[in-house]
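1. model this:
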Amino acid sequence: MLKKGTKLNSILTGSCPKCQNESMYEDNNPYHLSETLKMRKKCSHCHLKYMIEPSFFYGSMYVSYAVGVAIATAIFVITFLILGLSLLTSFISIFVGMIVLLPFILRVSRNIWINIFIKYQGD
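-> Numbering: from 1, shown residues only. Below you'll find the predicted structure:
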């Protein structure tokens, strides 16, 4: 599995970037759409306040754009270049893939954004 203490562990699991002992989100499943972006105020273990400043996670929109472009490019490469599907089918695949992965992209973007600013400090 992912090694505790790595940025990748915190990003993919949504755990606290400082201690990685608990999830930052109230609901771990991003596909419970009404709960996708609901975060705890702070970590109950290390007391890290997740909302570092007002509107802190607005910066994650830039990360979301990059993650979305990377995923769309990957879908295109797989469908058009590897599987040899038509251009129209490839673009429909990108559209459907982006809609299905939207909750995941939103969470991963927030996780990447907070991990840029907070370093793991362990126990």
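
2. From Pro30, how far out is Leu12?
-> With distances taken as C-beta to C-beta, to the nearest Å, Leu12 is found 12 Å from Pro30. Every residue, glycine included, has its C-beta placed from N, CA and C.

3. same question, Ile105
-> Ile105 is 9 Å from Pro30, by C-beta to C-beta.

4. quick one on the thing from earlier: higher neighbour count, Leu12 and Pro30?
-> Pro30 (19 against 14; other C-beta atoms under 10 Å).

5. Can you check the pLDDT for the more buried one?
-> In this model, Pro30 is scored at 95, pLDDT.

6. Specify the local secondary structure of it.
-> coil (DSSP: H, G, I helix; E, B strand; the rest coil).

7. That one and Met51, how far apart?
-> In this view, Pro30 and Met51 are 19 Å apart by C-beta to C-beta.

8. the longest helix in the chain is where?
-> helix 87-117 (DSSP state H).

9. which parts of that helix are buried?
-> 90-91, 93-94, 97, 101-103, 105-115 (16 or more other C-beta atoms under 10 Å).

10. now do stretch 60-75
-> Neighbour counts using 16+ other C-beta under 10 Å place Ser60, Val63, Ser64, Val67, Gly68, Ile71, Ala72, Ile75 of stretch 60-75 among the buried residues.

11. Okay, and which of the residues you listed map to strands?
-> Here DSSP state E is the test, and these give no hits in strands at all.

12. Dump the residues you listed to a markdown table, plus pLDDT and distance to Lys18.
-> Formatted as a markdown table, the buried residues of stretch 60-75 follow (pLDDT from 0 to 100; distance: C-beta to C-beta, whole Å):
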| residue | pLDDT | distance to Lys18 |
| --- | --- | --- |
| Ser60 | 95 | 18 |
| Val63 | 97 | 19 |
| Ser64 | 97 | 22 |
| Val67 | 98 | 22 |
| Gly68 | 98 | 27 |
| Ile71 | 98 | 28 |
| Ala72 | 98 | 32 |
| Ile75 | 98 | 34 |
